[in-house]
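>>> sequence first, predicted model second:
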Amino acid sequence: MIITISRETGSGGHTIGKMLAEKLGYQFYDKEIIDEVAKEMGVSSQVVEENGETMSEQTYIDLASGFIPFSRKEKIPFEEIRKKQDKLILDIAQRGNGVIVGRGADFILRDREDAFHVFVHANMEHRVKRVQRHDGIENQAERIERELKVKDRSREMYYQYFTGREWGKVTNYNFTIDVGRYTKTQCVELIVDALEKMNGEKNHA
(Lines give C-alpha, C1' and ligand atoms only; values in the text may rest on other atoms or scores of the structure.)
Protein backbone atom coordinates (compact mmCIF):
# COMPACT_ATOMS: atom_id res chain seq x y z
CA MET A 1 0.00 0.00 0.00
CA ILE A 2 1.26 3.47 -0.88
CA ILE A 3 -0.38 6.43 0.87
CA THR A 4 0.09 9.94 -0.47
CA ILE A 5 -0.51 12.97 1.73
CA SER A 6 -1.35 16.26 0.03
CA ARG A 7 -1.87 19.20 2.35
CA GLU A 8 -2.65 22.86 2.79
CA THR A 9 0.24 24.85 4.22
CA GLY A 10 0.24 24.85 8.00
CA SER A 11 -2.31 22.05 8.31
CA GLY A 12 0.14 19.55 9.81
CA GLY A 13 0.18 17.13 6.89
CA HIS A 14 3.83 16.22 7.46
CA THR A 15 3.22 15.34 11.11
CA ILE A 16 0.11 13.31 10.34
CA GLY A 17 1.92 11.48 7.54
CA LYS A 18 4.82 10.62 9.82
CA MET A 19 2.51 9.43 12.61
CA LEU A 20 0.55 7.35 10.10
CA ALA A 21 3.73 5.69 8.80
CA GLU A 22 4.84 4.90 12.35
CA LYS A 23 1.46 3.39 13.25
CA LEU A 24 1.37 1.20 10.13
CA GLY A 25 5.06 0.31 10.18
CA TYR A 26 5.51 1.91 6.74
CA GLN A 27 8.48 3.82 5.34
CA PHE A 28 8.06 7.61 5.44
CA TYR A 29 9.15 9.88 2.59
CA ASP A 30 9.24 13.66 2.64
CA LYS A 31 12.62 15.36 2.96
CA GLU A 32 14.18 12.06 1.88
CA ILE A 33 12.85 12.69 -1.65
CA ILE A 34 14.25 16.22 -1.66
CA ASP A 35 17.70 15.08 -0.54
CA GLU A 36 17.87 12.21 -3.06
CA VAL A 37 16.85 14.40 -6.02
CA ALA A 38 19.30 17.11 -4.94
CA LYS A 39 22.10 14.53 -4.76
CA GLU A 40 21.31 13.21 -8.25
CA MET A 41 21.22 16.73 -9.73
CA GLY A 42 24.26 18.01 -7.87
CA VAL A 43 22.35 20.96 -6.39
CA SER A 44 21.49 21.98 -2.84
CA SER A 45 18.49 20.43 -1.10
CA GLN A 46 17.13 23.97 -0.73
CA VAL A 47 16.87 24.36 -4.52
CA VAL A 48 14.77 21.18 -4.78
CA GLU A 49 12.72 21.95 -1.68
CA GLU A 50 11.79 25.42 -2.94
CA ASN A 51 11.13 24.40 -6.54
CA GLY A 52 9.95 20.79 -6.38
CA GLU A 53 6.29 21.52 -5.60
CA THR A 54 5.90 25.31 -5.70
CA MET A 55 6.30 28.12 -8.22
CA SER A 56 5.41 31.80 -8.33
CA GLU A 57 2.50 33.06 -10.37
CA GLN A 58 4.90 34.90 -12.69
CA THR A 59 6.91 31.74 -13.26
CA TYR A 60 3.69 29.86 -14.01
CA ILE A 61 2.74 32.49 -16.60
CA ASP A 62 6.22 32.35 -18.15
CA LEU A 63 6.28 28.55 -18.38
CA ALA A 64 2.70 28.25 -19.59
CA SER A 65 3.31 30.82 -22.33
CA GLY A 66 6.70 29.39 -23.29
CA PHE A 67 8.25 32.85 -23.11
CA ILE A 68 11.03 33.39 -20.57
CA PRO A 69 12.23 37.02 -20.43
CA PHE A 70 15.99 37.40 -20.97
CA SER A 71 16.31 38.78 -17.43
CA ARG A 72 15.16 35.39 -16.10
CA LYS A 73 17.05 33.08 -18.47
CA GLU A 74 18.81 31.58 -15.45
CA LYS A 75 15.48 29.92 -14.67
CA ILE A 76 15.16 27.14 -12.13
CA PRO A 77 15.27 23.67 -13.81
CA PHE A 78 11.66 22.85 -12.91
CA GLU A 79 11.36 20.23 -15.64
CA GLU A 80 14.49 18.35 -14.59
CA ILE A 81 13.52 18.41 -10.91
CA ARG A 82 10.05 17.19 -11.78
CA LYS A 83 11.27 14.30 -13.95
CA LYS A 84 13.66 13.06 -11.27
CA GLN A 85 11.00 13.39 -8.56
CA ASP A 86 8.51 11.46 -10.69
CA LYS A 87 10.99 8.63 -11.29
CA LEU A 88 11.95 8.46 -7.60
CA ILE A 89 8.31 8.39 -6.45
CA LEU A 90 7.53 5.60 -8.93
CA ASP A 91 10.56 3.69 -7.63
CA ILE A 92 9.38 4.19 -4.04
CA ALA A 93 5.96 2.81 -4.95
CA GLN A 94 7.62 -0.32 -6.30
CA ARG A 95 9.38 -0.91 -2.97
CA GLY A 96 6.13 -1.50 -1.12
CA ASN A 97 4.41 0.01 1.90
CA GLY A 98 5.12 3.71 2.33
CA VAL A 99 3.73 7.17 3.05
CA ILE A 100 4.72 10.00 0.68
CA VAL A 101 4.11 13.65 1.56
CA GLY A 102 3.57 16.19 -1.21
CA ARG A 103 5.54 16.45 -4.48
CA GLY A 104 2.39 15.74 -6.54
CA ALA A 105 2.61 12.04 -5.64
CA ASP A 106 -1.17 11.69 -5.82
CA PHE A 107 -1.02 12.49 -9.54
CA ILE A 108 2.11 10.47 -10.27
CA LEU A 109 0.58 7.35 -8.70
CA ARG A 110 -2.99 8.03 -9.85
CA ASP A 111 -3.26 4.79 -11.84
CA ARG A 112 -1.99 2.45 -9.12
CA GLU A 113 -4.68 0.40 -7.43
CA ASP A 114 -2.50 0.03 -4.34
CA ALA A 115 -2.30 3.80 -3.82
CA PHE A 116 -4.53 5.70 -1.38
CA HIS A 117 -4.61 9.48 -1.70
CA VAL A 118 -5.32 11.76 1.28
CA PHE A 119 -5.84 15.54 1.33
CA VAL A 120 -5.30 17.29 4.68
CA HIS A 121 -6.90 20.70 5.19
CA ALA A 122 -8.16 23.10 7.87
CA ASN A 123 -9.66 26.56 8.11
CA MET A 124 -7.29 29.51 8.15
CA GLU A 125 -7.74 30.29 11.84
CA HIS A 126 -6.63 26.78 12.81
CA ARG A 127 -3.64 26.91 10.49
CA VAL A 128 -2.51 30.31 11.74
CA LYS A 129 -2.74 29.17 15.37
CA ARG A 130 -0.80 26.02 14.56
CA VAL A 131 2.02 28.05 12.99
CA GLN A 132 2.04 30.36 16.00
CA ARG A 133 2.41 27.37 18.35
CA HIS A 134 5.02 25.71 16.18
CA ASP A 135 7.15 28.86 15.83
CA GLY A 136 6.52 30.21 19.33
CA ILE A 137 4.82 33.38 18.04
CA GLU A 138 2.09 35.04 20.10
CA ASN A 139 0.77 37.41 17.45
CA GLN A 140 1.52 38.37 13.80
CA ALA A 141 -1.62 36.54 12.67
CA GLU A 142 -2.11 38.76 9.60
CA ARG A 143 1.45 38.19 8.39
CA ILE A 144 1.18 34.44 8.90
CA GLU A 145 -2.13 34.30 7.04
CA ARG A 146 -0.63 36.19 4.08
CA GLU A 147 2.33 33.80 3.97
CA LEU A 148 0.09 30.73 4.13
CA LYS A 149 -2.02 32.02 1.25
CA VAL A 150 1.07 32.74 -0.85
CA LYS A 151 2.47 29.25 -0.21
CA ASP A 152 -0.85 27.60 -1.02
CA ARG A 153 -1.07 29.59 -4.24
CA SER A 154 2.46 28.58 -5.21
CA ARG A 155 1.60 24.91 -4.69
CA GLU A 156 -1.57 25.38 -6.72
CA MET A 157 0.37 26.91 -9.64
CA TYR A 158 2.97 24.15 -9.64
CA TYR A 159 0.38 21.37 -9.46
CA GLN A 160 -1.77 22.88 -12.19
CA TYR A 161 1.18 23.38 -14.54
CA PHE A 162 2.53 19.84 -14.23
CA THR A 163 -0.72 17.88 -13.86
CA GLY A 164 -3.39 19.93 -15.59
CA ARG A 165 -5.57 19.29 -12.55
CA GLU A 166 -6.96 21.54 -9.82
CA TRP A 167 -4.98 21.30 -6.59
CA GLY A 168 -7.16 20.43 -3.61
CA LYS A 169 -10.12 19.26 -5.70
CA VAL A 170 -11.84 16.47 -3.78
CA THR A 171 -12.14 14.16 -6.80
CA ASN A 172 -8.32 13.90 -6.94
CA TYR A 173 -8.25 12.08 -3.62
CA ASN A 174 -9.73 9.02 -1.92
CA PHE A 175 -10.03 10.66 1.49
CA THR A 176 -10.06 14.26 2.70
CA ILE A 177 -9.93 15.33 6.32
CA ASP A 178 -10.48 18.62 8.15
CA VAL A 179 -7.73 18.40 10.76
CA GLY A 180 -9.16 21.38 12.62
CA ARG A 181 -11.94 19.14 13.95
CA TYR A 182 -9.79 16.29 15.27
CA THR A 183 -6.56 15.70 17.15
CA LYS A 184 -3.63 14.44 15.11
CA THR A 185 -4.03 11.00 16.68
CA GLN A 186 -7.72 10.93 15.72
CA CYS A 187 -6.82 11.95 12.15
CA VAL A 188 -4.44 9.01 11.90
CA GLU A 189 -7.04 6.64 13.32
CA LEU A 190 -9.66 7.85 10.83
CA ILE A 191 -7.31 7.30 7.90
CA VAL A 192 -6.35 3.83 9.13
CA ASP A 193 -10.04 2.97 9.61
CA ALA A 194 -10.80 4.08 6.05
CA LEU A 195 -7.93 1.95 4.73
CA GLU A 196 -9.10 -1.10 6.65
CA LYS A 197 -12.66 -0.72 5.42
CA MET A 198 -11.51 -0.26 1.84
CA ASN A 199 -9.22 -3.31 1.96
CA GLY A 200 -11.97 -5.33 3.65
CA GLU A 201 -14.38 -4.56 0.83
CA LYS A 202 -11.76 -5.55 -1.77
CA ASN A 203 -11.14 -8.86 -0.02
CA HIS A 204 -14.85 -9.64 -0.09
CA ALA A 205 -15.37 -8.53 -3.68
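Cool, the structure landed. Keep in mind that what you see is a predicted model, and the values were worked out from it rather than measured.
>>> tell me the first helix or strand C-terminal of the biggest helix by length in the chain.
In the chain, assigned by DSSP state H, the helix with the most residues is helix 141-163. Sequence-wise, the next helix or strand downstream of helix 141-163 (DSSP states H and E) is strand 175-178.
>>> for the record, mean pLDDT for stretch 166-173?
What stretch 166-173 shows for mean pLDDT is 93.
>>> quick one: end-to-end distance for that stretch.
In stretch 166-173, first residue to last residue: 11 Å (Cα to Cα, to the nearest Å).
>>> could you do stretch 107-124 as well?
25 Å.
>>> need the pLDDT of Asn199.
pLDDT, Asn199: 78.
>>> what does the one 5 residues further on give?
His204 carries a pLDDT value of 41.
>>> sec struct for Ile3, please.
strand (DSSP: H, G, I helix; E, B strand; the rest coil).
>>> run through the bridge partners of it.
Beta-bridge pairing for Ile3 (DSSP bridges): Val99, Phe116.
>>> quick check: mean pLDDT of the longest helix of the chain?
On average, helix 141-163 scores 92.
>>> show me what it is packed against.
helix 57-65, helix 105-108, helix 124-135 (3 or more Cβ pairs under 8 Å, 6 or more residues apart in numbering; DSSP states H and E). The C-beta positions use only the backbone N, C-alpha and C, and glycine is treated the same way.
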